[in-house]
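**Student:** From the sequence below, what's the structure:
(one chain, ligands or ions: 1)
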Amino acid sequence: MKIQDIQTGELSLPLLRPFHTALRTVKRLSSVVVRVQSTTGETGYGEAPPTAAITGETKDSILSAIHSFIRPALLDMDLSNLEDVFSRLSSCVPKNHSAKAAVDIALYDLYGKHLGKPLYALLGGNRRELETSLTISLDTPDQMAEDSLNAIRKGCRILKLKLGRGGNMDIRRVSAVREAVGPQIRLWVDANQGWTPWEAILTVSAMEQMGLHVELVEQPVDARNLMGMQMVTRQVNTPVLADESVFSLLDAQKVLERNAADAINIKLMKTGGIHSALTLCETAAAHGAPCMMGCMLESKIAVSAAAHLAAAKSVFAWTDLDGPLLCRTDPFEGGAIFSPGKILLTDAPGLGITKTPCSRWSGS
Ligand code: MG
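**Tutor:** I've put the predicted structure just below:
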């Protein structure tokens, strides 16, 4: 079975509401969709949303990396030797992690379809159900409390609150949400690098003293400031999760060896896909560090891939895969089934996605 073609299409889906974090505001989910076709007639799908604020990759850079470097490097390669294919995918161009992730996901989908196995089984797992958080966009304390109440009315039990610039306003946000949702709902907070180390220590310590029961604090300070991350991890009792600080295996090793976080948020768009994510999982497990499976603002293709990986590997203690639930419509056929707070994987081969809304493909 050889790789016959690698094509790209584009996707733009309206969100239920504009999505705000400390780094950006987004109104639509936009993605580059990849379609890989084999000489045996099977098709695999992958996806990369341009998330320049985090990955540095734009739509044009993703398309260019795929068509100028990845496609010429992989065409005609024999898929029965997956290691060779992934090694060439990783080395054909430096960085461009999301572009590589889109092709990596499509290759896994294709391989699963070829073997007639769902991806989670191909990765060695047997779990089919996951509990996921839902992200509450950064807003006023009252609005975030109202959004949180709406989420739990729909069935969510875990909320991830996006926070802003630290200090009183962020404490008021978490406090308002906790008051609205009661003690049973699990709360995580994500500062998206918005705090200085001192702001982080003061803000998180205040939340602890107020008994707000925040389970995790994600990326409190600038991604490059590992000394700051280390200070926060030492000074607060709430576990600290590294997100933007960790893209590669080397990043994870640096963070874990310096105790600059208690846990790692793994996202396929940062690692360059499932193949590299698997080595990151092993490193985290060797350090005794649990992981979160996270996503960017991704549609059902990439989030289904992440859900299969999270279901297959026990190092994932938390799942934050809500991209499809933030969209107004679900224009795909097949794939994982997303409902508020829950993801159900099906036994369909690969990712299980049989049709995407993309109608124009370029590449062949
Ligand atoms: Mg994050």
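**Student:** surely residue 214 meets residue 189?
**Tutor:** Yes - in this structure residue 214 lies within contact range of residue 189 using C-beta atoms under 8 Å: 5.4 Å. C-beta here means a position set from N, CA and C on the backbone, and glycine is covered the same way.
**Student:** Between those two, which has more neighbouring residues?
**Tutor:** Neighbours per residue (other C-beta atoms under 10 Å) separate residue 214 from residue 189, with residue 189 holding more: 26 against 20.
**Student:** State the distance from the closest residue to the ion within the stretch 101-250 of the chain to residue 26.
**Tutor:** Closest residue of the stretch 101-250 of the chain to the ion, C-beta to the ion: residue 243 (3.7 Å). Applying C-beta to C-beta, to the nearest Å, the value for residue 243 to residue 26 is 17 Å.
**Student:** now residue 186
**Tutor:** Taking C-beta to C-beta, one finds residue 186 at 25 Å from residue 26.
**Student:** before we move on, what about residue 51?
**Tutor:** 9 Å.
**Student:** would you put the C-alpha positions of the helix or strand that contains residue 277 in CSV?
**Tutor:** Element membership for residue 277 (DSSP states H and E) is helix 274-286. Output of helix 274-286 as CSV, limited to C-alpha atoms (Å, rounded to 0.1, in the frame of the first residue of the first chain):
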residue,chain,number,x,y,z
ILE,A,274,0.3,11.2,17.2
HIS,A,275,3.7,9.6,16.5
SER,A,276,5.7,12.2,18.4
ALA,A,277,3.0,12.5,21.1
LEU,A,278,3.6,8.8,21.9
THR,A,279,7.2,9.4,22.8
LEU,A,280,6.2,12.4,24.9
CYS,A,281,3.7,10.2,26.8
GLU,A,282,6.5,7.7,27.6
THR,A,283,8.8,10.5,28.9
ALA,A,284,6.0,12.0,31.1
ALA,A,285,5.2,8.5,32.4
ALA,A,286,8.9,7.9,33.2
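**Student:** Enumerate every residue touching the closest residue to residue 126 other than its chain neighbours.
**Tutor:** Leaving aside its sequence neighbours, residue 126 sits nearest to residue 120 (C-beta to C-beta, 6 or more residues apart in numbering; 7.5 Å). Contact analysis of residue 120 by C-beta atoms under 8 Å, 6 or more residues apart in numbering lists 126, 127, 128, 308, 309, 311, 312, 345.
**Student:** most neighbours, which of these?
**Tutor:** Counting by other C-beta under 10 Å, top hit in the contacts of residue 120: residue 308 with 32 neighbours.
**Student:** Common neighbours of residue 51 and residue 26, please.
**Tutor:** Common neighbours of residue 51 and residue 26 (C-beta under 8 Å, 6+ apart) are residue 297.
**Student:** Settle it for me: which of the two has more neighbours?
**Tutor:** residue 51 (23 against 18).
**Student:** residues touching the closest residue to residue 51 other than its chain neighbours, list them.
**Tutor:** Spatially, and ignoring its direct neighbours in sequence, residue 51 is nearest to residue 296 (4.6 Å; C-beta to C-beta, 6+ apart). Listed by C-beta under 8 Å, 6+ apart, the contact set of residue 296 reads 49, 51, 54, 55, 98, 267, 269, 302, 323.
**Student:** Flag every residue of the stretch 101-250 of the chain that's near the ion.
**Tutor:** 190, 218, 243 (C-beta under 5 Å from the ion).
**Student:** what about the last one, how many residues close to it?
**Tutor:** Other residues within reach of residue 243 by the criterion other C-beta under 10 Å amount to 24.
**Student:** Surely it is in contact with residue 293?
**Tutor:** No - assessed by C-beta under 8 Å, residue 243 is found out of contact with residue 293, at 11.7 Å.
**Student:** got any residues that touch both of these two?
**Tutor:** residue 267.
**Student:** Can I take it that residue 40 is in a strand?
**Tutor:** No - if the criterion is DSSP: H, G, I helix; E, B strand; the rest coil, then residue 40 is coil and not within a strand.
**Student:** Can you give me the pLDDT of the residue of the stretch 251-364 of the chain found nearest the ion?
**Tutor:** Going by C-beta to the ion, the ion is nearest to residue 265 of the stretch 251-364 of the chain, at 5.8 Å. Note for residue 265: predicted pLDDT of 98.
**Student:** Do you have the helices of the protein handy? List them.
**Tutor:** All helices of the chain, identified by DSSP state H, fall at 52-55, 59-64, 71-74, 82-91, 97-115, 119-122, 141-154, 167-181, 197-209, 226-235, 249-257, 268-271, 274-286, 300-312.
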